[in-house]
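Undergrad: I would like to see how this sequence folds:
(chains A, B and C)
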Amino acid sequence: MRKFWGIFLVLVLVVSIVAVGCGQKQEAAKEEQKTQEAPKEEAKQETAGDVVKVGWIGSLTGDQAVWGQCEFNTVKMLVEEINAQGGLLGKKLEAVGYDTRGDAMEAVNAVRRLTSQDKVVTIIGPNASGQAIPISTVLEEMKVPDIATVATNPKVTVVDGKTKPFNFRVCFIDPYQGAVAAGYAADVLKFKKAAVLYDVADDYSQGLTEFFIKTFTEKGGEIVAKEAFKSGDTDFRPQLSKIKTANPDIIFMPYFFKEVALSANQARELGINAVLMGGDGWPSEVLLEMAKDAVNGSYFVNHVDFDDPAVQDFKNRYMKKYDRKVELNGYLAHDAFLMFVDAVKRANSFDPVAIRDALETTKIQGITGNIKIGKDTHNPEGKEAAIIKIVDGKYVFQQKYAPSN
Amino acid sequence: MIQFLQQMINGLSIGSVYALMAVGYSLVYSIMNFSNFAHGGIIMLGAYFGFFFLTLFNWPFAVAFLGAAICAAALAVLVERVAYKPLRMRNAPFLYFIISAMGASMFIENFVIATIGPTFKTYPAVFSREPFRLGPLFIGRLDTMMFVISAICLAALIYFIDFTKMGKAIQATAFNPRASALMGINTDLIVITVFAIGGFLAGIAGVLFGMKYTVYPQIGFITIKSFIAAVFGGLGSLPGAVIGSVILGILETLISGYFSSQFRDLISFSLLIIILVFRPIGLMGKSTEEKA
Amino acid sequence: MDWFYIKGILILSGINLMAVLGLSLLTGFTGLFSFGHAGFMAIGAYTAATMGIKLGLPLIPSLLIGGLISGVISLFIGKLTLNLKGDYFCIATLGFGEAIRLILDNVQYFGGARGWPGIPLKIDLWNVAIINVVGILILINLINSRHGRNMIAVREEELAAKTIGIDTFKHKMISLFISAVYAGIAGGMVGYYTGFLQPKMFSMNKSTELTIIVIFGGIGSISGSVLGTLLLTALPEILRAFALWRLVAYGAAVIFIMISRPEGLMGGKEITLKGFIRLLNIRKRSGKAAEG
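TA: Purely as a prediction, here's the structure:
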């Protein structure tokens, strides 16, 4: 009986592998037939008849799933909208998205699958630098461009002074955002003593911390406490109690809104009255639900001004379709998609390399601001950050701010 | 001095959070001799039950609280029936139980992500966030309540184990399952009871965490800490689980407060290993040497 | 399926396999359950990358040095923890793995939590395959030697093994050392394959994933480990189309195999040519007679 089960299981798995393989082969064979039948003119740029595939990777599961699912939903929604308007260059689009569980190795495999088997023309995502960096070799091998949404590590697009030819992004990079936050705190808000609480196991949090401290001390401020926690922690009172004795004017909290809400609540419970400040991990309706009073009067750096009509419009469309509130990643995925559409239009082709070339000269107005891709950096250059203040449970836009240096 | 006292309060409250989870762990361990990694999943489900009872059905808090605990107990028993009972029937070694438990916890977490979604759910404000003030010290209202509830649950559990017939049967089974089965104790019933109690405690912990930390699919992740605390105190021992939790909570707090929050876990893990070197069965663990 | 994609899966399987082989010796043949092997992988990965980038060594020597360093560290850890039983050892290794990760998160020389990009890409299907074949051959020789038999004796009845004069501690130590070397080499390959290292890549999930593969493949079987690695690395890829439900199915599959075939796919058996012929004969003779 046991042997039977063992053999049965192996058989099932082998059959399924073969089945998946064959299925794909048949499809591929069909595609080949199609391309043979089709007139030779578009043979090079077309791979799948009238449907062009756009890839997406990111976390659909795991602790980053909130952001990943929002991104993929956004991409799917925009693809539907564009198809409803008759498609792009006369073709219908199709979104193909794969989960990475937030794991670098999975991301590499997902991109291998997207580029070779699904033959996508461009990939949008992932939402973390730890995945965006290792996929670049696959992209370069298969010559397919990628537009990262919120991968903020500078090394996603430039390593050792060399630009990675197929990696782009729509978000700001850590040094910029850290400098914006520190510059605003020191120059505009005139704070002298800052404390930092950060997530030691998170790349985004470490990056922001490093550059916040650098800029803040350069501007003559003093860092009175630098405390850390570890991803997954829910209690921050030991660190906060220590910060309290250092008596800072402002506490910089460069991490995501769930931890922000928890730590803000706990800070107030401990009687800390310092102003709180954060980065683009903050904006979310959930933050206000969880910690409306605790974050009152706090500032954070954001990509968008929430009152902007274009932002409102997108927010409403998303809400209507998914009955969920859009998270920040949605806006960036939206603009990444805009970049893609714009590049295809200008290249007048679905050839991935042509799209890549067009992406290098992107200059569009997205909902997160003016996006002008730098040819040498593949980052959006001079994208202004929006400073938002939380007042009575509302996100109030303060000003566009770029650090003076 | 004030900071030290405040840190002790923080540590105690973190410790009582760990204790609430560690007791459920340890209870199951004392009977089954393996670490039930699905416990974190049950806590998470308890938190979701409490949340939906409060928001969708608008049940009064006490009813929702109890309802969530009962549902969690039922689910814990269900997990036992599906994932552990077949192994128990074959006397499989503890490795298999652990793997099965990890499969269950993966299943539960991702099932919730796929159905309810990964978003964070905020509990309605049942209690005020305004802390009690004791001179310069601040004590959270919810923390106080958690401390009290943990203490009540523990007292009730100890009463149940020490003074009821069922409790004595559980003790006997923990001591020697084969002999107690021969003495006419229904081992299967004991296992169900233990999982139900463990699940009930997980449900209570879940609702309390939900109120304190909001609800999300990975909330069960904190149980790792309580697992470590249970080992600290000695697996299978309920007082050990409580003492281990409180020590771990205070230790972590003092390390972050006075030494380095960056290296907190490194230091607490090193201390754990050192304790185990000197006391390989934890502080109050019973010797499990060659227990059939 | 496209060859480019299959190649990716195969390389990934190869990397996993190296770590699984080592763990298979520790868990499958010696009966020790580790939750910290991702820590050994991390040590190997960072050492190998340092050797390659900072000292300019070629691939194979850097991988070997990575493995050796990880093995040496395992000796220290082993000295402290190998006397612990069951779950206590589990937790000690878990603590070790998390501690390594925390150290790497804090060491800015290696990029801290932000990771270390720009590692040269030197891994392809061929060298992965060769490294694995060599790894398998060494392991088979070891298991068929006196040491291997002693290790199995330790797994089966530690007390009895001790009584007949086997130095159980020494054999556990050898087993841990070799498994750490394998894990270190696997870690080194991760770096040279992805071109990027980040402490996050070596989380506890990675350790549990490896353990699941070992148990899934079958305790005490090298061919089981090979088969298990191939299947469990391919399974999530096959399930990719299920998106959200992928890991739900994976968790269910793990539970299913545990309860239906707790000794794993190949528990204690090996695939050999001889065995295959015998199997055919048995099938022919006994027909449908099931053994239960």
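Undergrad: buried ones in stretch C:123-131, by neighbour count?
TA: C:Ile123, C:Asn127, C:Val128, C:Ile131 (16 or more other C-beta atoms under 10 Å in any protein chain shown). Yep, even glycine has a C-beta here, placed from its N, CA and C like the rest.
Undergrad: for chain A, see how far away the last one is.
TA: Which is C:Ile131. 17 Å (C-beta to the nearest C-beta, to the nearest Å).
Undergrad: that residue against C:Gly188, yeah?
TA: No - contact status for C:Ile131 versus C:Gly188: not in contact, 9.7 Å apart, counting by C-beta atoms under 8 Å.
Undergrad: overlap of the contact sets of these two?
TA: C:Leu63 (C-beta atoms under 8 Å, 6 or more residues apart in numbering or on different chains).
Undergrad: residues of the stretch 51-200 of chain A that sit close to chain B?
TA: Residues of the stretch 51-200 of chain A lying near chain B by C-beta under 8 Å from any C-beta of the partner chain: A:Leu60, A:Thr61, A:Gly62, A:Asp63, A:Ala65, A:Val66, A:Gln69, A:Val200.
Undergrad: at 10 Å what do you get?
TA: Residues of the stretch 51-200 of chain A that fall close to chain B, judged by C-beta under 10 Å from any C-beta of the partner chain: A:59-70, A:101, A:197-198, A:200.
Undergrad: now intersect those with the helices, please.
TA: Among those, the members falling in helices (DSSP state H) are A:Ala65, A:Val66, A:Trp67, A:Gly68, A:Gln69, A:Cys70.
Undergrad: tell me how many other residues surround the fifth one.
TA: Read that as A:Gln69. Other residues lying near A:Gln69 total 27 when counted by other C-beta atoms under 10 Å in any protein chain shown.
Undergrad: low-confidence regions, chain C specifically.
TA: Scanning chain C for pLDDT under 70 picks out C:1, C:262, C:267-268, C:273-276, C:279-280, C:282-292.
Undergrad: which residues of it fall in helices?
TA: Taking DSSP H as the criterion, chain C carries its helices at C:3-23, C:37-54, C:59-81, C:86-106, C:125-144, C:146-156, C:158-163, C:168-194, C:204-217, C:222-238, C:246-260, C:273-286.
Undergrad: distance of whatever residue of chain B ends up closest to chain A relative to A:Trp67?
TA: In chain B, the residue found nearest to chain A is B:Pro118; the distance is 3.4 Å by C-beta to the nearest C-beta. Distance of B:Pro118 to A:Trp67, computed by C-beta to C-beta, to the nearest Å: 9 Å.
Undergrad: mutual contacts of these two, please.
TA: A:Ser59 (C-beta atoms under 10 Å, 6 or more residues apart in numbering or on different chains).
Undergrad: and A:Ile251, helix, strand or coil?
TA: Three-state assignment for A:Ile251 (DSSP: H, G, I helix; E, B strand; the rest coil): strand.
Undergrad: pLDDT at it, what is it?
TA: You'll see A:Ile251 listed with a pLDDT of 96.
Undergrad: partner residues bridging it?
TA: A:Ala195, A:Leu276 (DSSP bridges).
Undergrad: follow-up on the earlier one: now distance to A:Leu88 too, for the helices of chain C, in a markdown table please.
TA: Below are the helices of chain C laid out as a markdown table (distance: least, C-beta to C-beta, whole Å):
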| stretch | distance to A:Leu88 |
| --- | --- |
| helix C:3-23 | 26 |
| helix C:37-54 | 42 |
| helix C:59-81 | 44 |
| helix C:86-106 | 43 |
| helix C:125-144 | 37 |
| helix C:146-156 | 61 |
| helix C:158-163 | 67 |
| helix C:168-194 | 33 |
| helix C:204-217 | 39 |
| helix C:222-238 | 30 |
| helix C:246-260 | 30 |
| helix C:273-286 | 55 |
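Undergrad: the ones you listed: which one's closest to B:Ile42?
TA: Minimum separation from B:Ile42 across the helices of chain C (C-beta to C-beta) falls at helix C:246-260, 14.5 Å.
Undergrad: of the residues of the stretch 51-200 of chain A next to chain B, list those near chain C.
TA: A:Leu60, A:Thr61, A:Gly62, A:Ala65, A:Gln69, A:Arg101, A:Tyr198, A:Val200.
Undergrad: from those residues, which is closest to chain B?
TA: A:Ala65 (3.4 Å).
Undergrad: pull the contacting residues for C:Val128.
TA: C:Val128 sits in contact with C:Leu10, C:Ile11, C:Leu12, C:Ser13, C:Gly14, C:Ile15, C:Leu17, C:Met18, C:Ala186, C:Met189, C:Tyr192, C:Tyr193, where contact means C-beta under 10 Å, 6+ apart.
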